[in-house]
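# this one's sequence-less:
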């Protein structure tokens with residue numbers, strides 16, 4: 001298996017198993033966020049619960065983040081190398097209304113709101129919908 005994939009897993013304290021290596025390889029190849037059903041299609045013989053547990057482990061270890069893009073299913077995307085999944089690491093996502101792909105716009109942070117006293121900001125979801133670069137041509 002790819003040495004870079006193993007190193008990426010180990011750097012996040014994730015034990016490299018065959019399934020984790022394969023799932024990470026798919027996530028690295030994908031330039032957009034991917035849903036569990038889309039991932040299942042890539043691994044027809046894999047157990048759905050194994051794939052789900054792999055994604056949950058990746059999320060708990062801050063290798064990936066989940067995206068609620070309004071389509072009804074969570075999508076998952078790789079975190080940036082130095083992401084700690086803190087509020088200041090949150091970024092805007094873009095859902096293409098034509099191809100239905102969700103893009104991470106890492107360079108555009110979600111603004112942290114000025115909340116009333118006693119309120120604590122933990123997370124936010126900001127999705128812009130429109131046409132992606134390929135679909136708008």
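Thanks, I have it. Model, not experiment: these values are computed from the prediction. Residues are numbered from 1 along each chain as shown.
# From here on, just use CA atoms for contacts and neighbour counts.
Fine.
# which residues in this protein form strands?
Ranges of strands in the chain, per DSSP state E, are 34-35, 64-67, 75-78, 91-96, 102-109, 127-130.
# And the residue of the chain most remote from its centre, how close does it get to residue 90?
Residue farthest from the centre of the chain, counting by C-alpha atoms, centre = their mean, is residue 117 at 31.5 Å. For residue 117, the distance to residue 90 equals 22 Å [C-alpha to C-alpha, to the nearest Å].
# again, but for residue 25
23 Å.
# Also residue 2?
29 Å.
# before we move on, what about residue 81?
Counting by C-alpha to C-alpha, the gap from residue 81 to residue 90 is 14 Å.
# who has more neighbours, the two?
Neighbours per residue (other C-alpha atoms under 10 Å) separate residue 81 from residue 90, with residue 90 holding more: 25 against 9.
# Per-residue pLDDT of the more buried one, please?
pLDDT recorded at residue 90 is 86.
# For residue 95, which residues count as its bridge partners?
Counting by DSSP bridges, residue 95 is bridged to residue 102, residue 129.
# low pLDDT regions in this protein?
1, 84, 87 (pLDDT under 70).
# how many neighbours does residue 94 have?
Neighbours of residue 94 under the rule other C-alpha under 10 Å: 20.
# ah, wrong one, I meant residue 82
9.
# where do the helices sit along the protein?
For the chain, the helices defined by DSSP state H occupy 3-11, 18-29, 36-42, 48-60.
# Please name whichever of these is nearest to residue 104.
Across these, residue 104 has its closest neighbour in helix 18-29 (12.9 Å, C-alpha to C-alpha).
# Next, the angle from the closest one to helix 48-60.
Orientation check (axes from the mean of the first three to the mean of the last three C-alpha atoms, to 10 degrees): helix 18-29 against helix 48-60 gives 60 degrees.
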